[in-house]
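> here's my sequence, what's the structure:
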Amino acid sequence: MSNNDLIDALKKSFEYWSGVDEESLINCLLVWKKILKDNSDLLKNQTILINNSKQNAEIQIQAFLESWSHAIEEPNFEAAKKTIQNWIGSLENTTVENIKVYTKVLEILEKSWENTQSKNIE
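Model prediction:
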């Protein structure tokens, strides 16, 4: 897994969430925080390694999601990438484990939202 995998995951997430944001006018950040709270075991005992310094994964994920919630409001993925360029730049020398954590979070957010919407339809 590489930074390209993370960029691919971000692009997929952008395509999904920008549509949700436009169609439903929900506050994605609040939805994401609720999903992560409901899946708190995901971040339990996780750490993010930045510049060889262990960081609390929950704090790092929250910071990422705050940036990402603004980025998905952009008209296209390239603009979204520019919006979170500082955040992406901080991951240039990141570990494979960090990329896996961020990618997994993006996947869980989408799947949990789809499950919630399916239940609401039923």
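
> show me what contacts residue 54?
Residue 54 is in contact with 47, 48, counting by CB atoms under 8 Å, 6 or more residues apart in numbering. C-beta here means a position set from N, CA and C on the backbone, and glycine is covered the same way.

> dead centre of this protein: give me the residue that sits there.
Centroid-nearest residue in the chain: residue 106, 4.3 Å away (criterion: CA atoms, centre = their mean).

> which strands and helices lie in contact with whichever helix in the chain runs longest?
Scanning the chain for the longest helix, with DSSP state H as the assignment, gives helix 96-121. Contact here means 3 or more CB pairs under 8 Å, 6 or more residues apart in numbering; DSSP states H and E; on that basis helix 96-121 packs against helix 3-24, helix 28-38, strand 47-50, helix 57-71.

> got the contact list for the shortest one?
So the one you mean is strand 47-50. Contacting residues not belonging to strand 47-50 are listed as 54, 55, 56, 57, 60, 90, 94, 95, 97, 98, 101 [CB under 8 Å, 6+ apart].

> what comes up buried for stretch 3-12?
6, 9, 10 (16 or more other CB atoms under 10 Å).

> what do you get for stretch 98-113?
Of all the residues in stretch 98-113, those buried under the rule 16+ other CB under 10 Å are 98, 99, 101, 102, 103, 105, 106, 108, 109, 110, 112, 113.

> on that earlier part again, redo the helices and strands packed on helix 96-121 as JSON lines? Include distance to residue 80 and mean pLDDT.
Output for the helices and strands packed on helix 96-121, formatted as JSON lines (distance: least, CB to CB, whole Å; pLDDT from 0 to 100):
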{"stretch": "helix 3-24", "distance to residue 80": "5", "mean pLDDT": "84"}
{"stretch": "helix 28-38", "distance to residue 80": "13", "mean pLDDT": "91"}
{"stretch": "strand 47-50", "distance to residue 80": "21", "mean pLDDT": "76"}
{"stretch": "helix 57-71", "distance to residue 80": "4", "mean pLDDT": "88"}
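
> now distance to residue 79 too, for these, in a markdown table please.
Below are these laid out as a markdown table (distance: least, CB to CB, whole Å):
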| stretch | distance to residue 79 |
| --- | --- |
| helix 3-24 | 10 |
| helix 28-38 | 17 |
| strand 47-50 | 26 |
| helix 57-71 | 8 |
